[in-house]
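**Student:** Quick one: sequence and predicted model below, then my questions.
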Amino acid sequence: MSDSTPSTRALMILGLAQAIGFFVGALAGRYLGLLLGCDAFADGAGYSTSSMVGILLIGLGGGGGVQLARRWFMRRYGDPRA
């Protein structure tokens, strides 16, 4: 294990990239859900199957966006834990 710690700039870039990845991924999941007819925020729908699928798509999109941002960062800047 290396004794060098990642720079503050690199960690800020990682955090910003993950936040943007989460936001964009969640939006993509939301619009994919709407395209498939699964509105997570439908009025009066309660917790129907359609709403639950919409919520699941938003969560998967956000998580996928974070993972893509993390992989981009590691390819460009290296592993911040090293």
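**Tutor:** Now that the structure is in, tell me what you want to look at.

**Student:** List the residues that contact the closest residue to residue 29 other than its chain neighbours.
**Tutor:** Of all residues not flanking residue 29 in the chain, residue 61 sits nearest, at 2.5 Å (CB to CB, 6 or more residues apart in numbering). No exception for glycine: its C-beta is placed from N, CA and C like everyone else's. Shown in contact with residue 61 (CB atoms under 8 Å, 6 or more residues apart in numbering): 25, 26, 27, 28, 29, 30, 32.

**Student:** Recalculate using a threshold of 6 Å.
**Tutor:** Neighbouring residues of residue 61 by CB atoms under 6 Å, 6 or more residues apart in numbering: 25, 26, 28, 29.

**Student:** Columns secondary structure, distance to residue 73 and neighbour count on top of those, output as CSV?
**Tutor:** CSV is the format used below for these (DSSP: H, G, I helix; E, B strand; the rest coil; distance: CB to CB, whole Å; neighbours: other CB atoms under 10 Å):
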residue, secondary structure, distance to residue 73, neighbour count
25, helix, 15, 22
26, helix, 19, 20
28, helix, 19, 17
29, helix, 21, 24
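
**Student:** State the pair within the residues you listed that is farthest apart.
**Tutor:** 26 and 28 (7.3 Å; CB to CB).

**Student:** I'd like the mean pLDDT over stretch 26-34, please.
**Tutor:** For stretch 26-34, mean pLDDT rounds to 96.

**Student:** ignore the last one, stretch 64-79
**Tutor:** 94.

**Student:** Need the contact partners of it.
**Tutor:** Under the contact criterion CB under 6 Å, 6+ apart, stretch 64-79 has outside partners 10, 14, 17, 18, 21, 22, 24, 25.

**Student:** Okay, buried residues for that stretch please.
**Tutor:** 64, 65, 66, 69, 70, 73, 77 (16 or more other CB atoms under 10 Å).

**Student:** Which member of those is positioned nearest residue 47?
**Tutor:** residue 64 (23.3 Å).

**Student:** Where does the closest one fall, secondary structure wise?
**Tutor:** helix 49-77 (DSSP states H and E).

**Student:** again with residue 27
**Tutor:** Going by DSSP H and E, residue 27 is in helix 8-36.
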